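Asker: please work out how this folds:
(one chain, ligands or ions: 1)
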Amino acid sequence: MYLGILDTPELASAAAARIVLAVFKKEPNSILGVTTGSTPEGLYAELRAAHARGEFTLANSQAFALDEYVGISADHYERYRNVLRRELVGSRNTGLKNENLHSPNGLVSNSAAVAAQYDRDIRDAGGIDLQILGIGSNGHIGFNEPGGSLVSRTHVTPLSRQTILANARFFGHYPRNVPKTCITQGLGTIMEARILLLLAFGENKAEAVAQLAEGPISARWPATITQMHPEVYVVTDAAAASKLELSELYQERWALKFGA
Ligand code: PGA
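Answerer: Just a heads-up that it's a prediction; the model follows:
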(Lines give C-alpha, C1' and ligand atoms only; values in the text may rest on other atoms or scores of the structure.)
Protein backbone atom coordinates (compact mmCIF):
# COMPACT_ATOMS: atom_id res chain seq x y z
CA MET A 1 0.00 0.00 0.00
CA TYR A 2 1.27 3.45 -0.93
CA LEU A 3 -0.10 6.23 1.22
CA GLY A 4 0.22 9.83 0.08
CA ILE A 5 -0.53 12.58 2.57
CA LEU A 6 -1.09 15.96 0.97
CA ASP A 7 -1.87 19.17 2.83
CA THR A 8 -5.29 19.81 1.32
CA PRO A 9 -8.04 17.91 -0.54
CA GLU A 10 -7.17 19.96 -3.65
CA LEU A 11 -3.54 18.83 -3.63
CA ALA A 12 -4.61 15.26 -2.86
CA SER A 13 -7.11 15.28 -5.76
CA ALA A 14 -4.38 16.52 -8.09
CA ALA A 15 -2.04 13.75 -6.90
CA ALA A 16 -4.78 11.16 -7.43
CA ALA A 17 -5.44 12.55 -10.92
CA ARG A 18 -1.76 12.11 -11.80
CA ILE A 19 -2.08 8.42 -10.92
CA VAL A 20 -5.18 8.04 -13.14
CA LEU A 21 -3.49 9.88 -16.01
CA ALA A 22 -0.38 7.69 -15.73
CA VAL A 23 -2.48 4.52 -15.92
CA PHE A 24 -4.34 5.79 -18.98
CA LYS A 25 -1.15 6.96 -20.64
CA LYS A 26 0.15 3.41 -20.43
CA GLU A 27 -3.19 1.75 -21.30
CA PRO A 28 -5.51 4.29 -22.96
CA ASN A 29 -8.52 1.94 -23.03
CA SER A 30 -8.34 1.02 -19.37
CA ILE A 31 -11.58 0.17 -17.62
CA LEU A 32 -12.28 2.57 -14.80
CA GLY A 33 -14.24 1.81 -11.63
CA VAL A 34 -15.98 4.96 -10.44
CA THR A 35 -17.49 6.01 -7.17
CA THR A 36 -19.70 8.84 -5.94
CA GLY A 37 -19.93 10.98 -2.81
CA SER A 38 -18.16 14.24 -2.04
CA THR A 39 -14.67 12.78 -2.02
CA PRO A 40 -14.04 12.12 -5.74
CA GLU A 41 -15.49 15.45 -6.93
CA GLY A 42 -12.08 17.18 -7.00
CA LEU A 43 -10.52 14.23 -8.80
CA TYR A 44 -13.29 14.26 -11.42
CA ALA A 45 -12.78 18.01 -11.89
CA GLU A 46 -9.08 17.33 -12.50
CA LEU A 47 -9.95 14.62 -15.04
CA ARG A 48 -12.36 16.96 -16.84
CA ALA A 49 -9.64 19.62 -16.97
CA ALA A 50 -7.14 17.08 -18.32
CA HIS A 51 -9.72 16.08 -20.94
CA ALA A 52 -10.18 19.73 -21.93
CA ARG A 53 -6.41 20.04 -22.34
CA GLY A 54 -6.40 16.94 -24.57
CA GLU A 55 -4.34 14.92 -22.08
CA PHE A 56 -6.97 12.39 -21.06
CA THR A 57 -10.10 10.79 -22.44
CA LEU A 58 -12.56 8.09 -21.50
CA ALA A 59 -13.98 8.15 -25.04
CA ASN A 60 -12.66 4.65 -25.73
CA SER A 61 -13.15 3.28 -22.24
CA GLN A 62 -15.84 1.72 -20.16
CA ALA A 63 -16.63 2.72 -16.60
CA PHE A 64 -18.33 0.67 -13.89
CA ALA A 65 -20.06 2.28 -10.93
CA LEU A 66 -19.20 0.95 -7.51
CA ASP A 67 -22.77 0.93 -6.20
CA GLU A 68 -26.32 2.21 -6.62
CA TYR A 69 -29.34 2.87 -4.45
CA VAL A 70 -32.24 0.44 -4.79
CA GLY A 71 -35.69 1.91 -5.39
CA ILE A 72 -34.58 5.46 -6.17
CA SER A 73 -36.46 6.97 -9.10
CA ALA A 74 -34.83 6.95 -12.55
CA ASP A 75 -34.57 10.73 -12.73
CA HIS A 76 -33.63 11.36 -9.08
CA TYR A 77 -30.76 13.85 -8.84
CA GLU A 78 -28.93 11.61 -6.35
CA ARG A 79 -29.29 8.38 -8.26
CA TYR A 80 -25.64 7.43 -8.64
CA ARG A 81 -25.97 6.79 -12.36
CA ASN A 82 -27.22 10.38 -12.74
CA VAL A 83 -24.43 11.76 -10.55
CA LEU A 84 -21.81 9.95 -12.62
CA ARG A 85 -23.39 11.10 -15.87
CA ARG A 86 -23.16 14.72 -14.72
CA GLU A 87 -19.57 14.29 -13.55
CA LEU A 88 -18.10 12.21 -16.35
CA VAL A 89 -20.26 11.55 -19.41
CA GLY A 90 -19.99 13.59 -22.59
CA SER A 91 -17.39 15.45 -24.57
CA ARG A 92 -17.52 18.43 -22.22
CA ASN A 93 -16.63 16.15 -19.30
CA THR A 94 -14.28 13.24 -19.86
CA GLY A 95 -15.56 11.93 -23.19
CA LEU A 96 -17.16 8.87 -21.57
CA LYS A 97 -20.12 7.62 -23.61
CA ASN A 98 -23.36 7.07 -21.74
CA GLU A 99 -23.65 3.54 -23.10
CA ASN A 100 -20.19 2.81 -21.71
CA LEU A 101 -21.16 3.84 -18.19
CA HIS A 102 -22.33 0.70 -16.41
CA SER A 103 -24.16 0.80 -13.12
CA PRO A 104 -26.28 -1.69 -11.21
CA ASN A 105 -29.93 -1.14 -12.05
CA GLY A 106 -31.60 -0.31 -8.75
CA LEU A 107 -34.98 0.32 -10.40
CA VAL A 108 -36.08 -3.29 -10.81
CA SER A 109 -37.63 -5.66 -8.29
CA ASN A 110 -35.22 -8.57 -8.84
CA SER A 111 -32.18 -6.69 -7.61
CA ALA A 112 -30.44 -9.89 -6.46
CA ALA A 113 -30.35 -11.09 -10.08
CA VAL A 114 -29.11 -7.65 -11.17
CA ALA A 115 -26.28 -7.91 -8.63
CA ALA A 116 -25.17 -11.33 -9.88
CA GLN A 117 -25.31 -10.14 -13.49
CA TYR A 118 -23.21 -7.07 -12.63
CA ASP A 119 -20.31 -9.24 -11.52
CA ARG A 120 -20.56 -11.13 -14.81
CA ASP A 121 -20.65 -7.86 -16.77
CA ILE A 122 -17.44 -6.69 -15.09
CA ARG A 123 -15.75 -10.01 -15.78
CA ASP A 124 -16.97 -10.12 -19.41
CA ALA A 125 -15.58 -6.63 -20.00
CA GLY A 126 -12.17 -7.90 -18.92
CA GLY A 127 -12.19 -6.70 -15.32
CA ILE A 128 -11.66 -3.27 -13.82
CA ASP A 129 -8.16 -1.88 -14.29
CA LEU A 130 -8.35 1.03 -11.88
CA GLN A 131 -10.99 1.33 -9.17
CA ILE A 132 -11.55 4.73 -7.55
CA LEU A 133 -12.78 4.49 -3.97
CA GLY A 134 -13.84 6.68 -1.10
CA ILE A 135 -14.17 5.42 2.45
CA GLY A 136 -16.95 5.82 4.98
CA SER A 137 -16.23 7.07 8.48
CA ASN A 138 -17.17 3.52 9.57
CA GLY A 139 -14.58 2.04 7.20
CA HIS A 140 -16.97 0.94 4.46
CA ILE A 141 -15.91 0.88 0.83
CA GLY A 142 -18.72 0.84 -1.66
CA PHE A 143 -21.64 0.03 0.61
CA ASN A 144 -19.80 -2.85 2.25
CA GLU A 145 -20.79 -1.98 5.78
CA PRO A 146 -19.06 -3.37 8.90
CA GLY A 147 -19.69 -7.00 9.67
CA GLY A 148 -20.17 -8.18 6.09
CA SER A 149 -18.21 -10.83 4.24
CA LEU A 150 -14.67 -9.87 3.30
CA VAL A 151 -14.97 -11.90 0.09
CA SER A 152 -18.48 -10.86 -0.99
CA ARG A 153 -19.55 -10.49 -4.60
CA THR A 154 -21.83 -7.73 -5.85
CA HIS A 155 -24.92 -7.94 -3.66
CA VAL A 156 -27.99 -6.21 -2.27
CA THR A 157 -27.56 -4.87 1.24
CA PRO A 158 -29.11 -2.47 3.73
CA LEU A 159 -27.31 0.78 4.52
CA SER A 160 -26.10 1.16 8.10
CA ARG A 161 -27.64 3.87 10.28
CA GLN A 162 -24.30 5.73 10.23
CA THR A 163 -24.28 5.78 6.42
CA ILE A 164 -27.91 6.91 6.20
CA LEU A 165 -27.13 9.80 8.55
CA ALA A 166 -23.97 10.67 6.59
CA ASN A 167 -25.84 10.62 3.26
CA ALA A 168 -28.84 12.60 4.51
CA ARG A 169 -27.02 15.76 3.40
CA PHE A 170 -27.71 14.72 -0.20
CA PHE A 171 -31.43 14.26 0.58
CA GLY A 172 -32.38 17.61 2.08
CA HIS A 173 -30.89 16.54 5.44
CA TYR A 174 -33.79 14.12 5.96
CA PRO A 175 -32.49 10.66 6.89
CA ARG A 176 -35.92 9.21 6.10
CA ASN A 177 -35.50 10.25 2.45
CA VAL A 178 -32.28 8.26 2.04
CA PRO A 179 -32.88 4.90 0.34
CA LYS A 180 -32.45 2.07 2.83
CA THR A 181 -31.06 -0.52 0.45
CA CYS A 182 -28.43 -0.58 -2.26
CA ILE A 183 -26.57 -2.80 -4.67
CA THR A 184 -22.84 -2.69 -4.13
CA GLN A 185 -19.81 -4.33 -5.61
CA GLY A 186 -18.66 -6.78 -2.97
CA LEU A 187 -15.28 -6.64 -1.31
CA GLY A 188 -14.25 -9.69 -3.35
CA THR A 189 -15.28 -7.87 -6.53
CA ILE A 190 -13.41 -4.71 -5.56
CA MET A 191 -10.30 -6.70 -4.69
CA GLU A 192 -10.19 -8.06 -8.26
CA ALA A 193 -9.56 -4.61 -9.73
CA ARG A 194 -5.94 -4.42 -10.83
CA ILE A 195 -5.24 -1.12 -9.08
CA LEU A 196 -7.13 0.54 -6.22
CA LEU A 197 -7.05 4.30 -5.71
CA LEU A 198 -8.69 5.33 -2.45
CA LEU A 199 -9.24 8.94 -1.43
CA ALA A 200 -10.08 10.20 2.06
CA PHE A 201 -10.46 13.78 3.26
CA GLY A 202 -11.34 15.37 6.56
CA GLU A 203 -10.98 14.58 10.22
CA ASN A 204 -14.09 12.40 10.31
CA LYS A 205 -12.24 9.89 8.11
CA ALA A 206 -9.11 9.82 10.30
CA GLU A 207 -10.06 6.77 12.35
CA ALA A 208 -11.12 4.82 9.25
CA VAL A 209 -7.84 5.72 7.50
CA ALA A 210 -5.79 4.67 10.55
CA GLN A 211 -7.62 1.34 10.64
CA LEU A 212 -7.29 0.95 6.87
CA ALA A 213 -3.51 1.23 6.97
CA GLU A 214 -2.61 0.06 10.46
CA GLY A 215 -5.50 -1.91 11.91
CA PRO A 216 -5.90 -5.66 11.83
CA ILE A 217 -7.82 -6.97 8.82
CA SER A 218 -11.34 -7.23 10.09
CA ALA A 219 -14.96 -7.05 8.93
CA ARG A 220 -15.36 -4.37 11.63
CA TRP A 221 -13.43 -2.03 9.28
CA PRO A 222 -14.16 -3.42 5.81
CA ALA A 223 -11.54 -1.27 4.03
CA THR A 224 -8.81 -3.15 5.90
CA ILE A 225 -9.18 -5.95 3.33
CA THR A 226 -7.26 -3.73 0.89
CA GLN A 227 -4.10 -4.51 2.88
CA MET A 228 -4.22 -7.79 0.96
CA HIS A 229 -4.28 -6.07 -2.45
CA PRO A 230 -1.02 -5.91 -4.42
CA GLU A 231 -1.38 -2.34 -5.75
CA VAL A 232 -3.23 0.21 -3.64
CA TYR A 233 -2.78 3.98 -3.56
CA VAL A 234 -4.38 5.82 -0.68
CA VAL A 235 -4.38 9.60 -1.03
CA THR A 236 -5.44 11.72 1.93
CA ASP A 237 -5.35 15.27 3.15
CA ALA A 238 -3.57 16.07 6.41
CA ALA A 239 -6.76 15.86 8.50
CA ALA A 240 -7.67 12.35 7.33
CA ALA A 241 -4.10 11.22 8.05
CA SER A 242 -4.03 12.70 11.55
CA LYS A 243 -4.46 9.39 13.41
CA LEU A 244 -1.81 7.42 11.51
CA GLU A 245 1.10 6.29 13.65
CA LEU A 246 3.62 5.79 10.84
CA SER A 247 2.90 8.72 8.54
CA GLU A 248 6.60 9.59 8.19
CA LEU A 249 7.36 6.16 6.81
CA TYR A 250 4.46 6.38 4.35
CA GLN A 251 5.66 9.79 3.18
CA GLU A 252 9.14 8.45 2.52
CA ARG A 253 7.79 5.49 0.58
CA TRP A 254 5.51 7.81 -1.42
CA ALA A 255 8.36 10.21 -2.18
CA LEU A 256 10.52 7.33 -3.39
CA LYS A 257 7.82 6.28 -5.86
CA PHE A 258 6.44 9.64 -6.98
CA GLY A 259 9.06 12.20 -5.97
CA ALA A 260 8.63 14.56 -3.06
P1 PGA B 1 -18.10 10.76 0.93
O2 PGA B 1 -18.51 9.23 1.01
O3 PGA B 1 -17.12 10.84 -0.20
O4 PGA B 1 -19.36 11.49 0.57
O5 PGA B 1 -17.52 11.12 2.23
C6 PGA B 1 -17.52 8.27 0.92
C7 PGA B 1 -18.11 6.91 1.19
O8 PGA B 1 -19.07 6.81 1.97
O9 PGA B 1 -17.61 5.94 0.65
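Asker: who in the chain is up against the ligand?
Answerer: Residues of the chain that fall close to the ligand, judged by C-beta under 6 Å from any ligand atom: Gly37, Ser38, Thr39, Gly134, Ile135, Gly136. For glycine as for every other residue, the C-beta is placed from the backbone atoms N, C-alpha and C.
Asker: helix/strand/coil for the nearest residue to the fourth one once chain neighbours are set aside?
Answerer: It stands for Gly134. Nearest residue to Gly134, sequence neighbours excluded (C-beta to C-beta, 6 or more residues apart in numbering): Thr39, at 3.9 Å. Under DSSP: H, G, I helix; E, B strand; the rest coil, the three-state class of Thr39 is coil.
Asker: what pLDDT does Ala260 get?
Answerer: What the model reports for Ala260 is a pLDDT of 68.
Asker: just to revisit the earlier point, type out the ChimeraX command that picks the buried ones from the residues of the chain next to the ligand.
Answerer: To isolate the buried members of those in ChimeraX, using 16 or more other C-beta atoms under 10 Å:
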select :37,39,134,135,136
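Asker: pLDDT and distance to Ala112 for the residues of the chain next to the ligand - can I get that in CSV?
Answerer: Output for the residues of the chain next to the ligand, formatted as CSV (pLDDT from 0 to 100; distance: C-beta to C-beta, whole Å):
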residue, pLDDT, distance to Ala112
Gly37, 95, 24
Ser38, 96, 29
Thr39, 98, 28
Gly134, 98, 25
Ile135, 98, 26
Gly136, 96, 23
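Asker: about what we covered before: contact partners for the residue nearest to Gly134?
Answerer: Gly134, Ile135, Leu199, Ala200, Phe201 (C-beta atoms under 8 Å, 6 or more residues apart in numbering).
Asker: pipe those into a markdown table and attach secondary structure per row.
Answerer: Formatted as a markdown table, the contacts of Thr39 follow (three-state DSSP):
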| residue | secondary structure |
| --- | --- |
| Gly134 | coil |
| Ile135 | coil |
| Leu199 | strand |
| Ala200 | strand |
| Phe201 | coil |
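Asker: just flag the most distant two among those.
Answerer: Largest separation among those by C-beta to C-beta: Ile135 and Phe201, giving 9.8 Å.
Asker: need the phi and psi values for the residue nearest to Gly134.
Answerer: phi -60, psi -50 (degrees, to the nearest 10).
Asker: Phe56 contacts Glu46, doesn't it?
Answerer: No: using C-beta atoms under 8 Å, Phe56 makes no contact with Glu46, being 9.1 Å away.
Asker: quick one: neighbours of Leu101, just the number.
Answerer: 19 (other C-beta atoms under 10 Å).
Asker: show me what it is bridged to.
Answerer: Ala63 (DSSP bridges).
Asker: what about it, distance to Thr226?
Answerer: According to C-beta to C-beta, to the nearest Å, Leu101 and Thr226 sit 24 Å apart.
Asker: which residue would be the closest one in the stretch 101-250 of the chain to the ligand?
Answerer: Nearest residue of the stretch 101-250 of the chain to the ligand, counting by C-beta to the nearest ligand atom: Gly134, 3.2 Å away.
Asker: ok, that residue - contacts?
Answerer: Thr35, Gly37, Thr39, Pro40, Ile141, Leu198, Leu199, Ala200.
Asker: again with Ala113
Answerer: Applying C-beta under 8 Å, 6+ apart, no residues contact Ala113.
Asker: just the pLDDT for it.
Answerer: So Ala113 comes in at 92 (pLDDT).
Asker: with the one 5 residues further on instead?
Answerer: At Tyr118 the predicted local confidence, pLDDT, stands at 97.
Asker: identify each buried residue in the one helix or strand it maps to, please.
Answerer: Assigned by DSSP states H and E, Tyr118 belongs to helix 111-124. Residues of helix 111-124 classed as buried by neighbour count (16+ other C-beta under 10 Å): Ser111, Val114, Ala115, Tyr118, Asp119, Ile122.
Asker: from the chain's centroid, how far away is that helix?
Answerer: 18 Å (C-alpha atoms, centre = their mean, to the nearest Å).
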